[in-house]
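Chemist: Quick one, what's the 3D model for this:
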Amino acid sequence: MRNRSFWLLGFFCALTATAAPGFAADLPPFHAPMIEAPAVSGWTYRVTPYGWLTAITGTQTVRGRSVKVDASFIDIVEKSDSLVALMGNVEARNGPFAIYGDLVWSKTGVDGSNVRSRTPAPGVSATIGTSVNLDVTMAIAEVGAAYEIARSGPVALDILGGARYWHQEADLSFNIAGAVDVGDLQVIGGRAFARTGSVDWLDPVIGARVRYEVSPGHELFLRGDIGGFGVGSKFSWQAIGGYLFDLGSYNGITFSGLIGYRALSVDYAQGEGAQRYEFDMIIHGPVLGLSMRF
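Modeler: Below you'll find the predicted structure:
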C-alpha cells in the first residue's frame with residue numbers, strides 16, 4: 001500500500017512538471033497597472049527682433065504749422081538726415097492663453113519734395129516757406145493678452161485686447177526770408193524751428209488674429225485691431241500679415257524667419273492755435289525678422 005502511494009505521488013509530480021510549461025503559456029501575462037502621467041501644460045516663449053521698412057503718409061502739425069508728408073522708405077533713406085530704429089516683439093503662450101508685447105523706437109527725418117506746407121491753424125501766421133524739414137522721434141509700446149476661442153484643424157482664431165502707448169517729439173523747420181513773422185518759433189540762422197517737446201498718449205486696443213499652420217514649422221497669420229476711441233487718439237487701426245518658417249534648432253531654441261507687411265494708422269490731436277499738435281498718419285511697410293522660440 002505504501003509502495004502504491006509512493007508510485008502514485010511520483011507519477012503525479014512527473015505529470016505536473018511536464019504539463020507546467022504549457023499551462024503557464026495559457027495564462028494571461030501579468031502587467032503592473034499603468035498610471036498615465038497627466039499632460040503637463042507649460043509656457044512657451046517667442047522673441048522676435050525685426051525690421052520695419054516704414055513709409056509715412058499723412059499730416060503733421062507742430063505748434064500750429066501743418067505739413068503734408070508722403071515719403072516711401074527709399075525716400076526716407078535717401079533724403080533724410082536721420083534714420084534709426086529699434087524694434088522687437090515677444091509672446092508667451094500657455095495653451096490657449098498668451099500675453100504679448102511689442103516695441104518700436106525710431107528717429108526719422110524727411111525733407112524736400114516729400115514734405116509740403118498746408119494752411120496753418122487759425123490764429124497762426126503763415127510762416128511755412130520753402131525747404132521744409134520734419135524730424136520725428138517716436139516710440140510705440142504695446143502690451144496685451146490673447147485667447148484662442150476657436151480651432152478647426154490647422155486654423156486657430158484668437159481675440160486680443162491691450163493698450164498701445166505713444167511717445168513723440170517732432171521738429172519742423174523751414175527757410176525764412178525778409179520780415180516774415182515767425183511768432184513763437186525759434187530762429188537759427190536763416191531757418192525757423194517749431195518744436196513740440198514731449199507728446200504722450202495711451203490708446204486702448206481690441207482685435208483678432210487668425211493663425212494657419214500650413215505644415216509643421218510653417219505658419220501664416222493675419223492680425224487686425226482698432227483703438228483710441230477718443231480716450232487717447234481719436235481713432236487708430238492696425239493690420240499685420242506675415243509668414244513664419246522654421247530654419248532649425250540649436251540648444252533647445254527653434255529659429256524661424258519672418259516676412260510680412262504691417263500698416264499702422266493713428267489720428268491724434270491736442271491744443272489749439274499756436275499750441276496745436278496733430279499726428280494723422282499711416283505708417284506702413286514690409287517687415288523682416290528672426291524669431292526664437294523656446
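Chemist: From now on I want contacts and neighbour counts done on CA atoms only, so please keep to that.
Modeler: OK.
Chemist: Spatially, which residue comes closest to Leu157, not counting chain neighbours?
Modeler: Val210 (4.7 Å; Cα to Cα, 6 or more residues apart in numbering).
Chemist: again, but for Gly58
Modeler: Nearest one to Gly58, counting by Cα to Cα, 6+ apart, is Met281 at 4.3 Å.
Chemist: list the contacts for the residue nearest to Leu157?
Modeler: By Cα atoms under 8 Å, 6 or more residues apart in numbering, the residues touching Val210 are 155-158, 221-223.
Chemist: Same question for Asn89.
Modeler: Asn89 neighbours (Cα under 8 Å, 6+ apart): 47-50, 100-103.
Chemist: For the residues you listed, which two are the farthest from each other?
Modeler: Tyr50 and Tyr100 (15.1 Å; Cα to Cα).
Chemist: quick one: the residue nearest to Leu157 is in a strand?
Modeler: Yes - according to DSSP: H, G, I helix; E, B strand; the rest coil, Val210 belongs to a strand.
Chemist: count of residues packed around the nearest residue to Gly197 once chain neighbours are set aside?
Modeler: Excluding its sequence neighbours, the residue lying closest to Gly197 (Cα to Cα, 6+ apart) is Glu169, at 5.5 Å. With neighbours defined by other Cα atoms under 10 Å, the count for Glu169 comes to 17.
Chemist: Am I right that Glu169 is in contact with Val136?
Modeler: Yes - Glu169 is within contact range of Val136, at 5.8 Å (criterion: Cα atoms under 8 Å).
Chemist: which residues does the residue nearest to Gly58 contact?
Modeler: So Met281 contacts 56-60, 265-267 (Cα under 8 Å, 6+ apart).
Chemist: gap between Gly227 and Lys234?
Modeler: Remark: distance between Gly227 and Lys234 (Cα to Cα, to the nearest Å) = 9 Å.
Chemist: still on that earlier bit, next one: the residue nearest to Leu157 relative to Trp52, how far apart?
Modeler: Taking Cα to Cα, one finds Val210 at 21 Å from Trp52.
Chemist: next one: Ala156
Modeler: 26 Å.
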